[in-house]
Every structure is written in C-alpha cells, then in structure tokens.
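K.L.:
Quick one, fold the following:
(4 chains)
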Protein chains: 4
Amino acid sequence: MIIVLKPEATKNDADEILSRISSVGLKPLYMPGTERTVLGALGDERVLETLHLDNHPLVERVTPILTLYKLVSREVHRQDTVVSIGSVPFGGKHFGVIAGPCAIENREQMLTSADAVKSGGGHCLRGGAYKPRSSPYSFQGLGLEGLELLKEASEKTGLATVTEVLEVSDVEHVEQFADAFQIGARNMQNYRLLTAVGRSNKPVLLKRGMAAKVEELLLAAEYIVSEGNPNVILCERGIRTFETATRNSLDLNVVPYLKQHTHLPVIVDPSHGTGLRELVRPMAKAAVACGADGLIIEVHNNPKEALSDGKQSLYPDEFKSLMNELLPFIAAVGKKV
Amino acid sequence: MIIVLKPEATKNDADEILSRISSVGLKPLYMPGTERTVLGALGDERVLETLHLDNHPLVERVTPILTLYKLVSREVHRQDTVVSIGSVPFGGKHFGVIAGPCAIENREQMLTSADAVKSGGGHCLRGGAYKPRSSPYSFQGLGLEGLELLKEASEKTGLATVTEVLEVSDVEHVEQFADAFQIGARNMQNYRLLTAVGRSNKPVLLKRGMAAKVEELLLAAEYIVSEGNPNVILCERGIRTFETATRNSLDLNVVPYLKQHTHLPVIVDPSHGTGLRELVRPMAKAAVACGADGLIIEVHNNPKEALSDGKQSLYPDEFKSLMNELLPFIAAVGKKV
Amino acid sequence: MIIVLKPEATKNDADEILSRISSVGLKPLYMPGTERTVLGALGDERVLETLHLDNHPLVERVTPILTLYKLVSREVHRQDTVVSIGSVPFGGKHFGVIAGPCAIENREQMLTSADAVKSGGGHCLRGGAYKPRSSPYSFQGLGLEGLELLKEASEKTGLATVTEVLEVSDVEHVEQFADAFQIGARNMQNYRLLTAVGRSNKPVLLKRGMAAKVEELLLAAEYIVSEGNPNVILCERGIRTFETATRNSLDLNVVPYLKQHTHLPVIVDPSHGTGLRELVRPMAKAAVACGADGLIIEVHNNPKEALSDGKQSLYPDEFKSLMNELLPFIAAVGKKV
Amino acid sequence: MIIVLKPEATKNDADEILSRISSVGLKPLYMPGTERTVLGALGDERVLETLHLDNHPLVERVTPILTLYKLVSREVHRQDTVVSIGSVPFGGKHFGVIAGPCAIENREQMLTSADAVKSGGGHCLRGGAYKPRSSPYSFQGLGLEGLELLKEASEKTGLATVTEVLEVSDVEHVEQFADAFQIGARNMQNYRLLTAVGRSNKPVLLKRGMAAKVEELLLAAEYIVSEGNPNVILCERGIRTFETATRNSLDLNVVPYLKQHTHLPVIVDPSHGTGLRELVRPMAKAAVACGADGLIIEVHNNPKEALSDGKQSLYPDEFKSLMNELLPFIAAVGKKV
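P.N.:
Below you'll find the predicted structure:
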C-alpha cells in the first residue's frame, strides 16, 4: 500500500502512521519527496484495511497494490474453473447457451418457449418467477407457481434451469425447483443474498450491476465463494451510460479483462445488454469472439405479447438461426458446445 | 401514448394496433406522415401498459405522455407533504438535519458521536447497524447490538433516529428500535424491501440509487406509498459518473426538479455525495440554497479511527460550525429549523 | 412532431401553437387528453425546427418523429456505401485493417513500424503528425516533418495512409501528403473542421467523441456529406463511462446499430477502445463478429519506448498473429479482406 | 511516482527500470513485496514522463504522486487570482454575473437583451456570434456581423463582453470586438485554440468539456497559462451522465474542489448545467452557496422565439428577480458584487 501525505504533514505525522503500519506486522517505508512525502507498507496489505489510513486528515490518498479479492483471482488459482448447470459445463473449452423467456407468464407460454429453446439448440432454460420491476403497477411474476411451471418445462425438455432469487427467503424455494440461482443486476450488491447463495452448493449466475465496476463484480463473487460455494458464473449484461439509442451499453471489454483476472467462467447477456431484438444476434457473436464462455438470451414463443422485455426477446426461429450462426465463431475461439 | 411505426408497417398493421387501443377503452388516433405513420392513444394511458405495444415488431418507438408514478406526483397532490421523524418535521417550511456516524462501532463511539450531534445542533441521529460493504472482508456492522446502542443514544440525547434496513427481515427489528427506516442506494430497487417498509407506518428515508434516474427514484417511492405508507423522504446522495476526483457526483439538479414534480420532502447527503470531508460543508450549503428540505451528514467522534467512511465524516467541531454557517442560507430560502 | 403541453396550458395556448404549425405548411393535430393536451404536426417536420416550439413556456416536451440526419440515413440510401482509402475498400463485403503507430516520432520508428504493418498483413497505414495531448508538457507531434515521413513510409510500403487533422489549416497539408483525413474523438463536434474536410474529396475517418451519442455521430457525418464529400467512414473508439479498469468502454452495440441506420462503413478502434494491449486482440475479433467493416489498430516497432499510447500498442509479432486469427471471423460474417 | 510490476517481472526487469529512473536524475526505490514488486522514483517526477514507463510490458500500473499541472495549482500560488473582464473582477471576494442571449440573432434582439441584462443588474454581457450546433441544418450564428452588434450593445450599456471563439482564426476578430474569449465545452481540448488564446492578454472563460474530468480542465487551463496568459476563469457547465430529466448534470462538487486545488476563479453556468428554465434560479443560488466566484446565465428578450437554447433562457423579469434573490447568498459566503 502506498500512502501519499498532504503537503502540510510533518515528519511527526509520518512517524505516527509508520508506527501504525509496523504495529500490524508490515514493513513501513518512508519516502520523503520534494513536494510530497510518500509512505509504503510492504507485506500482505489486506491487514491494513483495519487501519483505515485513508480516514487520516493528513493522508491525501491511499493506493492499494493488491486487489481486495483473492479467492476468485486467477493469480491464486491459475486454471479455468468449469461450472456446470445440471450437466451443462461452462468455462475452460466449454461453451453453453441459456435461453428462455424473461418472465414465466403461464403454462402454455412457458412450455412452448421451452420447446423453442430445446429445438433451437439451447442448453439450459431460463425464466423468471420473481420479477423486479421498476413500476409497482407492472407484472411482478408468478412466484411459486412459476417455479413449478419451470420445473415442468425442465422435465419435459430435459433442459437444466436457471431462475432469479430476489431475497434470502427465495433461496430455499429456488433450490428445490431449479438447477441454478440467478442474482440479477439490481442485487449484485445485496450482500445478504450473496451470502445466502454462498451457503448453497448450487451454481450461481451472478450478473454485473448496471453501474458496477468490474472490481466490484469480482468482490461480489468473492462474497459467494468465501461462504463456501465455488460455483459462480459471472455475467456481463450491459452498463448504464449516457447513450440512449440502446437500453444499456454492453461492455464486452470486461469479458477478456475478467478472463485474465479470474478463473471463473464469464457469460454475456446480449438481450439486456442491447435492449433491442435487432442487435441481439450480432452482439451474441461478438461475445463469443472476445472469449465469453456462454450466453444467456431471451427467447419467447410470442414476443409481441410478452409481459416483460418483449422488445428484446428473440422469436423461436431467430434463436434457431442464431444457434447455427454461432458455430463458426465458437470453433474459431477454440471452444465447443 | 404516441406510437411511431417502422417505415415498413402497412395500413393493416396500424389497424391492428388501433383496434388493440380501442379494446382497452382508449381513443385511437391515426396520423399517417410522409416518412412514418404515428398512432396515438388518448385517455389514461396507464392501462396501455398491459398491451406491451413496444414489443410489437413493427413499432419503432413508444412515447408515454404521462408519468408512471401517480401517488407521489405533485400534479395529483399539490401541497407539500411534511414527514416527521420523531417530532422533527421535514418538508414545507421545515428544514431538518440528520447526523451521526456511518456505522455503529461500539458503545463509546456511538454515545460520544450522538453527543456531538446533539451539542452541534443536529435534529436527528443516524447510525448503521447493518452495513452493506463491497468487500466481504470489511466490517459488516453490529446488527441487533448496534440497534440497542442506537436506542440508548437516542434516549440519552432525545434525538430521533434513522437506521438502514437491508432486507425484509430487518424491518421488524428496526421498527422496534428506531424512528425511521433508511433504504440505502444499493436497495432503491429492492422491491420486496420497498413493499415491506410500505406496510409499516414509520417514515422511510429513501436514497437514490447510484445509477438511478430521477423517474426511477419516484417510482421506488410510489412502491412504498402504494402500499399505504405516505411518509417518504427522498434523498439525493450522488450518482456514479466518469469523474474520479470525488467519490460520487452530487446531482443537485434533481433537488429543484423533484420539488417541482413531487410533494414529498427531499433531503441531501453531502457526505456520500462528495466522499471528501473538505467538500461536505460547501455542498451542504448548496443543497440548502437549491431548495432541499434537510440534510443527512456523517459525523464521527474520531473520523481518523472510523471503521467506515471516515474520509467523509466531519469532526464534531466542524459539524457545529456548519450548523451555524447554514443559518443564513436556511433563512434566505424562507425555511426554518 | 409531437408536442406535449403543460397541464396549465389553455385551449388558446394550443390554438396559438397549432396556427404556428399551419404557418409552415404542416398539418396540425389537436389531441386533448384527461391530464395533458397533446399536439401533432404531420409532414416533413424538419421545417419545424425554425419554430423552436420547445422554447415555449407552456410546452412540456417536444418529441421528434424523424431523425435530424438525412443524407447519411439508410432510409434514404439503402445500399452500403463503399469508401476506398487509396485502393483499399471499406464497406459492403470489404473488410480492411488500418495500422501503425499513434504518433510519428522519427524516421526510423516510422519506417520500421510501417514495415511491420506491411509484413503483418495490414492494408493501410496510420500515424499522427499533429497530436492532441491533454498535458501541454507532452510530445505534440512532428507536424509537417511527420507528414513527410508518413509519405515516405507510404511510398516504401505501398500502403495508403490516414492521418489526423486538428484544425482547418491542417487540411490542405494533409491533403497533399496523405490518402485520408482522420477527425479525432476530441474534434467530432468541431464543425468548422467537419465543413473543411467536407469540401475536400478525400475520404474522412470520423471518430466518435468520447461522450457523443450515436445520433450525434451521425449528425457530424451529415455535416461532412452535406458539404459534398460522401466518403465518410465512421469509427467507434470507446466511450467514457464510470469503469476505470479500461481506458474507455468500447461500445460495440453501436456497430450493428449504425449498420442498420446508415449506409456508411463503420470501423472499430480496439486500441483506444480498451487502452490495454492485452485486450486489443479479443476486442478486434469481437468487432469483426458484430459486423464492423474494418479496424484501426495501434502497432509500434517498440511499444516500450513509444512517445504516446505505448501501453495500448501491439508489438509487430502480435499484430501479425492477430491478422491471421481474424481470418475465420471475417469469413464467418461473409466478408473478405 | 510509484510503479507496480506484474507478478512475472524478475529482479532483472526491476533493475532495468530502476536504472532508467536514475538516468533522469531521480532517486530510485526498490520495494519487493510478497505478491508484487513495487518501484518508486523520488524527485520531480514530471521528468519521468519522458520515460513512458507505463508502456513497459512488465509494468502493471504507474501511479503519479504529483499533479501534471503546476502553474494553475494552488500549491504553487496560494492567493486567489482575480481576473477582470473589462472592469468587472472575478475571484477573491468579488462575485460577478455574466448574462445575455445564447446567440446573437439580430440588432433588436441583441440590444433589447443587453438592456435587460443591464437593468436586471448583470455585470457583463454574453452573446455568441459563432455557434457550434450539432445539426448542420441549425442556425450557425451571424459571425462578424454578430460581433459588431455585440460591440454596439456593449457601448450602449457599458457592459463588458464575452463571446465564444471556435477556431484559431476567430481569435483576432474577437480580440477586436469583445473583452473576453469564451472557450466552449466542445473545445476544452482544442489545444491549438488554447494556445492561441494563451498568446493574447485578454481574459479567457474556459468551460469544462461535457465528459472532462476536473484534472483535464486544470490541464487545459495550464495550456493557456503556460503560453503567458494568466487570466483564466474556469466554468462548470454540467457534465453528461445517464440522467435524462435534465440536459446535463451540473457537477457543483467541482466548485469547492477547484477552489481548493487552483488559485483561478471558478464560475458556474446553470443554464447549460440544467437545460431547463425552471431550474436555473435554484441552481444559481446553489452555485453561490458552494463558493463560485460568479455565474454565466442565458437571458433573452423573448425566449419563446429564441433561435437557440430558448428552453433554458430566463425572461428579463426572471433575471431581475434572480439578481435580487442572490444577494443574501452572496453575503452569506462573504463575497460582494
């Protein structure tokens, strides 16, 4: 850790801080400069967090040398982690596609959409039973009934399932009915929920928050893994920027960045990442090309009538075409479905 | 609602959509143009949401005329709502200051900080028992023990209290120990939590999410009010932008914007809004000047040793000075403490 | 154009505005609603801009139906425009790669880098003679001497060249020495410069500003084309967001968006778009996959010693590998180099 | 400067870099850690920029200790600089208000608006002769004729004037007709233009770019001052964020931040900063309250008919009221008009 002092700090102030550094077992370093004095702390600086040096009124700035996440870091664990949803592997050489409707609306819609995913070539099924909606007057999901429909669709098609949990109390229900938890963008920093799924052993699909830095996404994953559940799949789903032509700005830069900094699998959601059906297919290909380990895509049997996110849902035939179009890209990056 | 069709839409497509508009009781309008056909729907368009017209593959764009929030709108309820925390009123002509440490750390720190708030002239006391922290390795709060210390500090000083709830299950505990709920920025779109505090009758301090548009903040408030709790205080606390010199960018524009669009009181958090102790005082004054109904400020008996957010916490004497400095600004906007 | 009036507007106010709409030859439309009165104007609404209806104190909001750009719109001109730099075509089925150093530093660096581009398989050569630098104490480019070196490199390798103009007075010099103008991100809204290159007939590589919406990029292109120069290539190079792990956030969403809305070719700059050498190769592939018509990539004979942007410049052998790795992606999107 | 090496860097790599640090006269520092080796360079690190250490493939990150700007820094020059436009001082205890129409449209509009500014109590007059407009089909300003009208208005009212320069060639014209140059947000990083006004001795009103970090604004000012013109007034005018309810997000945080980091005067533009007439007055007061040295406000004799920015222009009587309302705020911060 590097500590830059304010110009008015004296040698005494520096000494006080240096002795606090020593007191936690790190090696202190004194570097007086012409305009600023700089202090260093050598060793595992994570213990320094207890010192809260950036609170000090004479400290201008504290720059950590190491990342705050450790368990999810590729430096600690160099090989790719492969996480399976049901029997579908994500990570390493394995590429998988999760598809299905945004929300579970009724039996027919769910079963027909699931058939479309299966016959289109998808590997896992998604569908939301609990829906976070910005307006209290919008459809909020079917709850437990939705989970039952999801399970029925899974049994009929043989597809493993992923569905969102909104709260700690949802975890036990979803655990019974589905093969993986989804933590949505709005809950990426809901630490109670991260802790709760961290105590399960089912895989967790962790979506990046719409204003979350990539380091914060990794720290959210660290929460889950530090509770004992190593089965985390990260998901880029678009960030909020000034651009209004698209619903979000899909930040594909973070895909190769994450692959270099963590051993966890990384997938991409081009449906939320664009918000526009017409952009889903090209951006799905781009995600493959930059190294994603999979995709999660909204497919609906009848997007025109969908109760949520119809504007970004693919028609069944569009999904089928996309699955074929993806093949040469998946091959070109050396992966297999 | 205005519906712009894609250039390839035919008269038949328009007719199909117009008949759907009629079917929900609105008056349809057909406006063929040289390059685009535009459709209109006159009446209370909120019923249109059930039609999901923006999902239609031949619809280019849907522009609502009315806002989605209603109960919190000043159009529906023109007079200022005054919300009281304990006996301290916020809104209308009433200006109030909530102050205290970010986290409740231990008995001495809490009681000393509460004394500093009281003797400095603050009106309510804040302090977090449940702390959302981006790293799993940071201090997470004292929980119930913290709530008890907060209550003790309240009894000793006579200050009413506000504290954060992170999850539905926290609501009943906080209800016993504190005078108001705080919904933090990370939970502004935690709809289960909004619903839960909406079923209480204690006031709710609702903080804007760090990437939330002002319309989304108003919809979050609508969730609470639509459950039956009209006692909502909105709080601007800074948004996430590209600027890195400050922790957040305090978006004071939304203070007068909100005052014009809603009857609810609006307060400002210059501590999180800047992240830097040196900027808290000038920005607190700016908040008063643009019409805020109150402030929430981090004050700590010893910021240098604070377990969280010490860098942005005021020293007791700084807080006392600020309270005096605020007086002419509060008078100049025609409010009283 | 759709005009939403404020609630306090009377029938008289509406009539006044409707008569202004009639006065410019458009068909006015009156749509009184329960909470708001909405007005419409049917016809080529671009003439409405002269009315400045959004200035009116009783107008709440004006929503245009049509885009402000016309010449660059795919609605007006449906086939892909192919723009050639020297003899290298961009657009339609043609994919091209422009590469070279950020800045022209000296003769040896320029010639060696140009050789690396040529032998690596690049199609055009880039290199800056005029450099916009955020600090006045940084290297500002060699100016005319740089242009001469660029020309020499072009003659030796046979590669056509692109170089940046910073000001109107640079246009005539660059016109003599290079095959295409580059308008950098900082100058996307330098309308004098857009007008000046619009009066040339050499192709223009127009980079998106770092906070420019895609509609603003298209309007900037409209400036150039409306002056008579149809040879514009658009370039996505990353936008400024809250994310700090990468220099910019490469907004690939706009590639397919632009391809759908304009007939102009669209290329991508993964060097500035990421700022990190390690991310350039995966993001170059992603750009191809989502439909880009080309790439512009920084390649330096010795990035370690580069005077600018070395951190994001490829080594010659990395560039050569990338050019090979791109081939299956280019084939998969149905393009050819 | 602190240099963090990648984990794979060897002692030899460190030695190579350390010897480069020595070679430019700085004191090198070697700090091996458990997971990373960190190097330091003590002395005036600005010379290090010539080493471009961040280009090095084994360097993970370079953290400067000092700012890149020097002449504009308050550390170098502790007293407030007072800059006068005509005889109106800005900075120190002096508060000034610049007002007038966005664009100079015709003689009557300019003279009437100037009268409104004068009789309303404004201190300087603004008006644009050269207008940067995002669409090529919008009004682009009257050019030289506009400058003549501005001068006439100045002579009639006795108000000193400020007007925008778009390009180096505008500088000599504006120098003849006006009392101060304005560099608009789009040109904050037009370094040729900064250099040109830096060679004049007339004051420069430098507006922050809409995606410019505060450090970049200070570096832009450094360009001007380093050319010999110390008369720079900085202006916050709103940044581009995800919020769409307002045209920009006025980032008042930077006002006290700038006042702490530079000796130059800082003013605020609440017209562009909000884009909405209804928000101009409260935000003008907020600007005063947080320490601004002045304001620049759009006032038009008839905003309803204004050719640009009418939606954010005050009516003459609104301006007059505002000037009165500002007085207690100006007094409360210890300034005088």
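K.L.:
What is the burial count for A:V333?
P.N.:
A:V333 has 20 neighbours, counted by other C-beta atoms under 10 Å in any protein chain shown. All C-beta atoms are positioned from the backbone trio N, CA, C, and that covers glycine.
K.L.:
show me the contacts for it.
P.N.:
A:288-289, A:291, C:285 (C-beta atoms under 8 Å, 6 or more residues apart in numbering or on different chains).
K.L.:
try A:E145
P.N.:
Listed by C-beta under 8 Å, 6+ apart, the contact set of A:E145 reads A:A129.
K.L.:
What is the burial count for the residue nearest to A:M188 when sequence neighbours are not counted?
P.N.:
Using C-beta to C-beta, 6 or more residues apart in numbering or on different chains and skipping residues adjacent in sequence, the residue nearest A:M188 is A:G209, 3.8 Å away. When neighbours are defined as other C-beta under 10 Å, A:G209 has 25 of them.
K.L.:
quick one: which helix or strand includes A:G209?
P.N.:
In this assignment (DSSP states H and E), A:G209 forms part of neither any helix nor any strand.
K.L.:
Up against chain D, what does the stretch 151-300 of chain A have?
P.N.:
With the criterion set to C-beta under 8 Å from any C-beta of the partner chain, the stretch 151-300 of chain A comes near chain D through A:240-242, A:244.
K.L.:
let's go with 10 Å and repeat that
P.N.:
Near chain D, the residues belonging to the stretch 151-300 of chain A are A:210-211, A:239-244, A:248-249 when assessed by C-beta under 10 Å from any C-beta of the partner chain.
K.L.:
Return only those of the residues you listed found close to chain B.
P.N.:
A:210-211, A:239-242.
K.L.:
one step back: pick the one among the residues of the stretch 151-300 of chain A next to chain D closest to B:V299.
P.N.:
Distance to B:V299 across these (C-beta to C-beta) is lowest for A:A211, with 27.4 Å.
K.L.:
Can you find the residue of the stretch 151-300 of chain A that comes nearest to chain B?
P.N.:
A:A211 (3.3 Å; C-beta to the nearest C-beta).
K.L.:
Now do the SS call for that residue.
P.N.:
Here A:A211 is coil, with the state taken from DSSP: H, G, I helix; E, B strand; the rest coil.
K.L.:
cool, and A:P28?
P.N.:
Going by three-state DSSP: A:P28 is strand.
K.L.:
List the residues that contact it.
P.N.:
Neighbouring residues of A:P28 by C-beta atoms under 10 Å, 6 or more residues apart in numbering or on different chains: A:3, A:14-15, A:17-22, A:39-43.
K.L.:
do A:G120 as well
P.N.:
Applying C-beta under 10 Å, 6+ apart, we find A:G120 in contact with A:97, A:99, A:297, A:299, A:314, A:316-324.
K.L.:
same thing but 8 Å
P.N.:
For A:G120, the contacting residues are A:99, A:299, A:316, A:319-320, A:322-323, by C-beta under 8 Å, 6+ apart.
K.L.:
swap in A:G92?
P.N.:
A:G92 is in contact with A:80, A:82, A:265, A:293, counting by C-beta under 8 Å, 6+ apart.
K.L.:
Kindly indicate which of those residues lies nearest chain D.
P.N.:
Of all the contacts of A:G92, A:D80 has the smallest distance to chain D: 18.1 Å, by C-beta to the nearest C-beta.
K.L.:
right, and the pair among the residues of the stretch 151-300 of chain A next to chain D with maximum separation?
P.N.:
Farthest pair in these (C-beta to C-beta) is A:A211 and A:T244. Separation: 15.8 Å.
K.L.:
For these two, indicate the residue with more neighbours.
P.N.:
Between A:A211 and A:T244, counted using other C-beta under 10 Å, the more crowded position is A:A211 (24 against 11).
K.L.:
Hmm, B:R240 and the more buried one touching each other?
P.N.:
Yes - with contact defined as C-beta atoms under 8 Å, A:A211 counts as touching B:R240 (4.7 Å).
K.L.:
intersection of neighbour lists for these two?
P.N.:
B:210-211, C:242.
K.L.:
Same list (those) but as TSV, adding pLDDT and distance to chain A.
P.N.:
Below are the shared contacts of A:A211 and B:R240 laid out as TSV (pLDDT from 0 to 100; distance: C-beta to the nearest C-beta, whole Å):
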residue	pLDDT	distance to chain A
B:M210	97	5
B:A211	97	3
C:F242	98	6
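K.L.:
where do the helices sit along the stretch 201-337 of chain A?
P.N.:
Using DSSP state H, counting those that start in this stretch, the helices of the stretch 201-337 of chain A run over residues A:214-226, A:254-261, A:270-274, A:277-289, A:316-332.
K.L.:
can the third one be found next to chain C?
P.N.:
Yes - for a cut-off given as C-beta under 8 Å from any C-beta, helix A:270-274 has contacts with chain C, namely A:273-274.
K.L.:
about what we covered before: may I ask which of the contacts of A:P28 comes out lowest in pLDDT?
P.N.:
Among these, A:G43 has the lowest pLDDT, at 77.
K.L.:
how near is A:G143 to B:G294?
P.N.:
A:G143 sits 38 Å away from B:G294, going by C-beta to C-beta, to the nearest Å.
K.L.:
who's more crowded, the two?
P.N.:
Neighbours were counted for A:G143 and for B:G294 using other C-beta under 10 Å; B:G294 has more, 29 against 14.
K.L.:
Quickly list what that one is bridged to.
P.N.:
B:G96, B:I267 (DSSP bridges).
K.L.:
isn't it right next to B:P270, touching?
P.N.:
No - between B:G294 and B:P270 there is no contact under C-beta under 8 Å: 11.5 Å.
K.L.:
low-scoring stretches of chain A, by residue?
P.N.:
Within chain A, not a single segment meets pLDDT under 70.
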